[in-house]
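**Student:** Okay, predicted coordinates and the sequence, questions at the end:
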Amino acid sequence: MSRLCDLQQAFAEAIVEGKHTAVTAAMAADGSALRSMALYRRLIRNNFVQVLRITYPVLHRLVGGGFFSVLAHGYIKHYPSTSGDLFPYGRHLPAWLQHIEAPPLLGELARLEWACHEMYQAADSSPLSHDQLQAMVSADPSLVTIRFHQTARFLSFPVPVHRVWQALQPDASPDEVIDLPLPEEETGIIVTRREGQVRVTPLNWLDYRLLEALSQGATVASIERLAREAESGFDFTRLMTTLLNLQVMAGISMKEGL
């Protein structure tokens, strides 16, 4: 093993897969490097497990440290890090849980936690100004679209997974009990960050669908029409008040009139 790239490849395989023989022989022919390599591999793997614990704290609390370590070691083997930046490392965990056919709740909870992780690191956006709000109110709603903060993410789930997330927060009441399994219930959630804190807010299903469509570029008028079609007598003012209270609007855009 003379080429540096071969040594680096062998070293990576030793760390990820435990294939020590080739690289330790290249480092020291007498086998004295084997123990050092094993210790280094254990240290690296433990560091990646800790990264996943930090990224998915609620999942860790739900399943316990032992089971979480088993999941994490399987993930590390199949998704070795390819970057010195550890922030995006755990992004494939929801897909990994689905691949190994873990209980569906674990995958849904991981998906919610990954969104929280992303929102915590997302860039700040300027709040909607009073002038922009007035322009939106006075403009033709068929021409108005709304821009949302980067610190806002809409997610839908087949079960109310936010209940588990909320019950396992460090400041949650110890008396709060969640009955499992969760009921099958289409649930819309918006994940936001405000004043440095990530917040998970459940929405009723129709509100979720309408606000998600707004976030994807639908005009205010089209959303109002969809709301009336879905529910006779829908209170559109209430929906817009909900949107204002969420504090997720970053600005408005005006389409050119036809």
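**Tutor:** Yep, it's here.

**Student:** how's the protein carved up into domains?
**Tutor:** The chain breaks down by automatic domain parsing into domains covering 3-102, 130-254.

**Student:** Q121 is nearest to which of the ones you listed?
**Tutor:** domain 3-102 (6.2 Å; Cβ to Cβ). Where C-beta positions appear, they are placed from N, C-alpha and C, glycine not excepted.

**Student:** which residues are in contact with the helix or strand hosting L62?
**Tutor:** Here L62, judged by DSSP states H and E, is contained in helix 57-63. Defining contact as Cβ atoms under 8 Å, 6 or more residues apart in numbering, one finds that helix 57-63 is touched by R53, F68, L71, L106, L109, A110, E113, V164, W165, L168, Q169.

**Student:** Just those residues: which are in strands?
**Tutor:** Judged by DSSP state E, strands contain none of these.

**Student:** which of those are buried?
**Tutor:** Buried residues within the contacts of helix 57-63, defined by neighbour count using 16 or more other Cβ atoms under 10 Å: R53, F68, L71, L106, L109, A110, E113, V164, W165, L168.

**Student:** Would you format those as JSON lines with pLDDT included?
**Tutor:** Output for the buried ones among the contacts of helix 57-63, formatted as JSON lines (pLDDT from 0 to 100):
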{"residue": "R53", "pLDDT": "97"}
{"residue": "F68", "pLDDT": "97"}
{"residue": "L71", "pLDDT": "96"}
{"residue": "L106", "pLDDT": "98"}
{"residue": "L109", "pLDDT": "98"}
{"residue": "A110", "pLDDT": "98"}
{"residue": "E113", "pLDDT": "98"}
{"residue": "V164", "pLDDT": "97"}
{"residue": "W165", "pLDDT": "97"}
{"residue": "L168", "pLDDT": "95"}
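
**Student:** Just the CA atoms from the helix holding L62 would do, formatted as CSV, please.
**Tutor:** Below are the C-alpha coordinates for helix 57-63, written out as CSV (Å, rounded to 0.1, in the frame of the first residue of the first chain):
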residue,chain,number,x,y,z
PRO,A,57,-33.0,14.6,21.7
VAL,A,58,-36.7,13.7,21.8
LEU,A,59,-36.2,10.5,19.9
HIS,A,60,-33.4,9.7,22.3
ARG,A,61,-35.6,10.3,25.4
LEU,A,62,-38.4,8.2,23.9
VAL,A,63,-36.5,5.0,23.1
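
**Student:** Centre of the chain to that helix, how far?
**Tutor:** 15 Å (Cα atoms, centre = their mean, to the nearest Å).

**Student:** And stretch 174-183, by the same measure?
**Tutor:** 22 Å.

**Student:** In the stretch 151-258 of the chain, what residue spans correspond to strands?
**Tutor:** 152-157, 187-194, 197-203, 249-254 (DSSP state E, counting those that start in this stretch).

**Student:** quick one: low-confidence parts of the stretch 151-258 of the chain?
**Tutor:** The stretch 151-258 of the chain contains residues with pLDDT under 70 at 256-258.
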